[in-house]
Structure formats: C-alpha cells, structure tokens
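1. Sequence below, structure please.
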Amino acid sequence: MTLNRYEQQIEDEFQRAAKTPGTAEYVSTKLSGPQHSCPHADKTKTRGMPKRLGFFRQTDGTMTYLDTDKVCQRCYDDMTPAGFTVWSTAYKPSERPMTPTSQARYRNEGDPDRLDHWAAVAMPTSSDYYPAMWQAGTEDDADTEPIVDRRLPNNAEVRELWRQLQTDGRPFYVDQLHLTQPWDPNAPDQRAEDARVARENRLAYENAARGYVETGVGGAGYNSIVEQRILRERAVELPARFGENRNTATHDETETETETEYRDRDRPELTVREDLAGVEVPTNWPEMYRMPSKAEIDAAEYEMTGRITQPTDEEANRRFHLE
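-> This is a model prediction of the structure:
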C-alpha cells in the first residue's frame, strides 16, 4: 500500500524512534515474547531496578510503562543506555521558607525576568492530566486501552519537573505513575501500605542515574529529605538551570503581560524573618516551622532502606536555619 506524504512522514518518524534506545518505540521492538515480554527465558537481574519504569513515545506524545520483570538484564540495559530519572517533590504547592543560599539562587541565577517564588504559586488550572499511558507492547493492540485518569497535580514544582522529564525524553520513574499499585490512603493497615510504597520507591531512588529536585534542596518533609539522602551527588536541582534552558521555566518567554500580571496577583505577600536568618516567608506562615529532626529522618531512612546515612550538606544547612 502506498502511503501519502503525511502518512510517510509519520512512518519515518516511527522508524527513527524505534531505532533510538530509551524511547517507548524502541522498547516495543524488544517485546516479542509472550505477554509482551522479551523473548529470552532468563529474566534474572544482576543489578537493581524499579518494578515499573516509564518511557516517552516520540511519535505521538503519549507514554508507556514497562514492568521490568518482563525483560532480561541485557534487554533492560539496551532500553535504558543512559539509565533513568526520578524526581523528588511534594504534590501540593509549597510555601516553605528557604535557606539564604536558596534565596540567593532565586534572586541572582538565570533569567532576571523569570517568575520568582514560583514554588508558592499554583498553576492556573487543575484539570490537566498526564498523557495517556500504555502498557509497553500493547500500543497497537485493538483490544487494549491506555490509562488516562492520572491527574497532573496543580503544583508549580510538579509541572516544572514534568516538563523537564519531557524535554529530556529519557526513561523515568514517578511514584504517582509507576507504583505497581497506587498508594491507598485508606488501606486497613496504613503502616504496611506505606512500607510497600517505600520499598518500591527505594528501588527507584537507589538505582536512578539522576534525580530531579525542586528548589527545596535538603528536602522539606520526611520523604523528600530521605530521597535526597539517597540521591546525594545524583540530585539535580532544576531551578538553578532555568537560565540555561528557558524551555523548562514556568515563566515562559511567550507569556503575555496580562498573564504575568495574573500570576503576580496570586503571589503570597512575603515578610523577612530575622529569626530565620533573613529568610523571606509568606506573611501568613505559622510562627514556628519545625524541620524534622535528624533522629526522625534517620528512622524514616532506616524504614525505607534498612540503613542510616549522614545528612546531606543541604539538609544540615536547612536544619541549622529552620529547626
């Protein structure tokens, strides 16, 4: 059958993507075995990896998820030549105070016109969802449908990290998308449910090539502090890179003055807190902000990983100013 010009362009794009390791199209070429697995009998793994991993489809903007027990170590390595990325962020908008180092970074690095204090600003709409997500290998099956009900949080930090993942195009792990079973806040045994999630996340954070971190370096709550302890030198703080790659900034250079003024109205009123080393915080911020103690984080880290490591420099600095 002869393809028209548009169809041929799509086919050419697919063929290029299918030959590019790290893409969902490439993954699909490896899953010729039963039940969308690789054809090799020995699925034993010699290195750690998450139970589930995401891949972007270059040809249509959707994504796939791969259950890694369906592939052997060699096929997994072929699919992820540069490893995979995780992120470390809260899903709710943050208005937490920053250390003086973080404030200086906000003021002095990157494009001077970017949106300052963006972490405290909710995005204009909460109706967006993540792109459709297929099980790897089922994209062309007539009797399968993608997952389309995963809501993208109305949170500037999450949106920035998501845009960076899309820009990179590399394999990725996001717990909201890639837990084998979504976290259940109403589980009969909540401690056991939290432990299950922690075990799956540990596999991702310990084996990721890199982890994207919001401006709250050092972490904010228990989970993000532990995640950044695990990542350490593999952690990449995105806001410090806004000046290098404007495509990832919330404050888009195509934004109109009206839109900017609209966002400015939503910025919280800030007050300098001398008792927090001159850190600016929202005026309505509670008088006391207690960062979790080292002992509390040690306990959380041990529960997640079975070991205790030293705090990162950023965690120690944040605790010095805010504990």
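2. What is the neighbour count of Asp149?
-> 9 (other C-beta atoms under 10 Å). All C-beta spots, glycine's among them, are computed from the backbone N, C-alpha and C.
3. hmm, I was thinking of Tyr222
-> The burial count assigned to Tyr222 is 16, neighbours taken as other C-beta under 10 Å.
4. Skip the chain neighbours and tell me the closest residue to it.
-> Leaving aside its sequence neighbours, Tyr222 sits nearest to Ala300 (C-beta to C-beta, 6 or more residues apart in numbering; 4.7 Å).
5. cool, Gln166 as well?
-> Phe56 (6.6 Å).
6. Then Leu203?
-> Nearest-residue entry for Leu203: Pro50, 4.7 Å, with adjacent residues in sequence omitted and distances by C-beta to C-beta, 6+ apart.
7. if I pick that neighbour, what's in contact with it?
-> Listed by C-beta atoms under 8 Å, 6 or more residues apart in numbering, the contact set of Pro50 reads 68, 84, 173, 178, 200, 203-204, 207.
8. Go again with 7 Å.
-> Contacts for Pro50 (C-beta atoms under 7 Å, 6 or more residues apart in numbering) come out as 68, 173, 178, 200, 203-204, 207.
9. Now render those residues as a markdown table, adding neighbour count.
-> Supplementary listing: the contacts of Pro50 in a markdown table, determined by neighbours: other C-beta atoms under 10 Å:
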| residue | neighbour count |
| --- | --- |
| Thr68 | 20 |
| Tyr173 | 27 |
| His178 | 22 |
| Glu200 | 19 |
| Leu203 | 16 |
| Ala204 | 27 |
| Asn207 | 16 |
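10. ok so, going back, burial measure for the residue nearest to Tyr222, as a count.
-> 19.
11. Backbone torsions only: list them for it.
-> phi -70, psi -40 (degrees, to the nearest 10).
12. Wait, a helix at Met291?
-> No. Met291: not assigned to a helix; according to DSSP: H, G, I helix; E, B strand; the rest coil it is coil.
13. what pLDDT does it get?
-> Looking at Met291, its pLDDT reads 70.
14. Lys70 - nearest residue in space that isn't next to it in sequence?
-> Here the residue nearest Lys70, using C-beta to C-beta, 6+ apart, is Ser37, at 3.9 Å.
15. Surely the one you found and Leu31 touch.
-> Yes. Between Ser37 and Leu31 there is a contact at 6.2 Å, judged by C-beta atoms under 7 Å.
16. quick one: common contacting residues for the two?
-> Common contact partners of Ser37 and Leu31 (C-beta under 7 Å, 6+ apart): none.
17. so where's the stretch 151-300 of the chain shaky on pLDDT?
-> In the predicted model, the stretch 151-300 of the chain carries pLDDT under 70 at residues 156, 214-220, 239-271, 273-290.
18. where along it do the strands fall?
-> In the stretch 151-300 of the chain, the strands defined using DSSP state E, counting those that start in this stretch lie at 172-173, 210-213, 235-237, 270-273, 279-282.
19. State the distance from Ser224 to Tyr212.
-> Ser224 is 12 Å from Tyr212, where distance means C-beta to C-beta, to the nearest Å.
20. Give me the more crowded residue out of these two.
-> The residue with more neighbours, out of Ser224 and Tyr212, is Tyr212; 25 against 21, by other C-beta under 10 Å.
21. in the sheet, who's paired with the more buried one?
-> Counting by DSSP bridges, Tyr212 forms beta bridges with Trp87, Val236.
22. who's in contact with it?
-> Taking C-beta under 7 Å, 6+ apart as the contact definition, Tyr212 lies against 85, 87, 161, 164, 236, 238.
23. Apply the buried test to these and list what passes.
-> By neighbour count, with 16 or more other C-beta atoms under 10 Å, the contacts of Tyr212 hold 85, 87, 161, 164, 236, 238 as buried.
24. Next, count neighbours for Phe172.
-> 26.
25. thought it was touching Gly83?
-> No. The pair Phe172 / Gly83 is not scored as a contact, 10.2 Å apart, by C-beta under 7 Å.
26. before we move on, the earlier item: closest one to Ala142 out of the buried ones among the contacts of Tyr212, please.
-> Relative to Ala142, the closest of the buried ones among the contacts of Tyr212 is Thr85; by C-beta to C-beta it sits at 32.4 Å.
27. how about TSV for the buried ones among the contacts of Tyr212, with distance to Val272 added?
-> Output for those, formatted as TSV (distance: C-beta to C-beta, whole Å):
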residue	distance to Val272
Thr85	36
Trp87	31
Leu161	29
Gln164	31
Val236	30
Leu238	26
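28. which pair in these spans the largest distance?
-> Spatial extent of the buried ones among the contacts of Tyr212 (C-beta to C-beta) is set by the pair Thr85 and Leu238 at 11.3 Å.
29. Check what pLDDT the closest residue to Leu161 other than its chain neighbours gets.
-> Using C-beta to C-beta, 6+ apart and skipping the chain neighbours, the partner closest in space to Leu161 is Trp87 (4.5 Å). In the predicted model, Trp87 carries a pLDDT score of 86.
30. What of Ala142?
-> pLDDT, Ala142: 80.
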